[in-house]
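Chemist: I would like the atomic coordinates for the input below:
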Amino acid sequence: MFRNIPTVTKNLLVINFLVFLATLVLQTRGIDLNVIGGLHFFMASDFHFYQFVSYLFLHSTVNFSHIIFNMFALWMFGVVVENVWGPKKFLFYYISCGIGAGLMQELVQFFDFYFRIKAQDPNIGFSDLFVIGQQLSTQLNGWLTVGASGAIYAILLAFGMIYPNERIFIFPLPIPIKAKWFVCGYIVLELFFALQSTDDVAHMAHLGGMLFGFLMITYWNRHPDSSYNRSGGQAFFDNLKRNFEKRQGNNRHMHAEPGSGTKEADMDFNARKKQNQDEIDAILDKIRKSGYDSLSKEEKQKLFEASRNL
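Modeler: Next comes the predicted model:
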């Protein structure tokens, strides 16, 4: 099963788990990778710009569910999104949305810092914050963010936008729900928890990743001829076409409809199959020329229904 995972998703899974193990081992020797590579508040003395990327590959060692949930979601949704977009576009999206989530977290922390200082001294001006921040730079090192959650939530959003009507099972709901409602539900929950501010989870970073993802996908949809869309997922859809044609060939040999032993019934059946095949071929040709995002909603749905029957 692991070898069927596309390249970027597979490497991201491996890197995250290896870094997690390295973090555990080095902590026993007094070295904390989360402190070194985690994203600090930009006014903190330990802040570095490389942390906007490095924090994506670090996870809390106190709560193992942090990395387990993130990697499960990466495997579950990342495989689909990377197969549709291709490795380059998928990796660009993942890293960019992770950085965007970090920027959102920095912005939220900045306003949090402002309101805290303002509560102590209402006369403090906005420009005074940077002077105060420099004086408190060591104490501000405690504001630390780690985890791939921002990028993972962006992948979840991408899945929902690519296959909005795909039904997925979510525990503990007894019935499957459409992906678009699943994504909307997560957004509402993250907003609720962000406003509550009762835990240490970076909920606004999650929303920031989804926001950057939404803006990026919207741009790509409006510019289907961009370089990131020309060949995204071509191998996936070529394979889809081969499997579809293979299944159609098997159906022609094995098909038997009740009461349809006539030559006319066989001709009607073959005509319908040929029409469906021609429609799928036209959709796949359109993907090769302009990319997956150039498809209409009806074309995407027809392609998905065809792939589900393989």
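Chemist: helix or strand right after the helix or strand harbouring residue 152?
Modeler: Secondary structure assignment for residue 152, by DSSP states H and E: helix 149-162. Next in sequence after helix 149-162, counting helices and strands by DSSP H and E, comes strand 167-168.
Chemist: Pairing partners for the helix or strand following that next one, with directions?
Modeler: Once the chain leaves strand 167-168, the next helix or strand it forms, by DSSP H and E, is strand 177-178. The pairing partners recorded for strand 177-178 under DSSP bridges are strand 167-168 (antiparallel).
Chemist: which residues touch the strand it pairs with?
Modeler: Here strand 167-168 makes contact (CB atoms under 8 Å, 6 or more residues apart in numbering) with 176-179, 182. C-betas here are computed from N, CA, C, even on glycine.
Chemist: which residues are contacting the helix holding residue 152?
Modeler: Contacts of helix 149-162 (CB under 8 Å, 6+ apart): 56, 70, 73-74, 77-78, 80-81, 84, 93-95, 97-98, 100-102, 104-105, 166, 179-180, 182-183, 186, 190, 202, 205-210, 212-214, 217, 292, 300.
Chemist: Show only the entries of those residues found in helices.
Modeler: 70, 73-74, 77-78, 80-81, 84, 93-95, 97-98, 100-102, 104-105, 179-180, 182-183, 186, 190, 205-210, 212-214, 217, 300 (DSSP state H).
Chemist: Next one: the most centrally placed residue in the chain from residue 96, what distance?
Modeler: When CA atoms, centre = their mean is applied to the chain, the residue found nearest the centroid is residue 155 (0.8 Å). According to CB to CB, to the nearest Å, residue 155 and residue 96 sit 12 Å apart.
Chemist: For the contacts of strand 167-168, give me JSON lines that also has neighbour count and distance to residue 282.
Modeler: Below are the contacts of strand 167-168 laid out as JSON lines (neighbours: other CB atoms under 10 Å; distance: CB to CB, whole Å):
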{"residue": "176", "neighbour count": "12", "distance to residue 282": "30"}
{"residue": "177", "neighbour count": "15", "distance to residue 282": "31"}
{"residue": "178", "neighbour count": "15", "distance to residue 282": "26"}
{"residue": "179", "neighbour count": "21", "distance to residue 282": "25"}
{"residue": "182", "neighbour count": "20", "distance to residue 282": "31"}
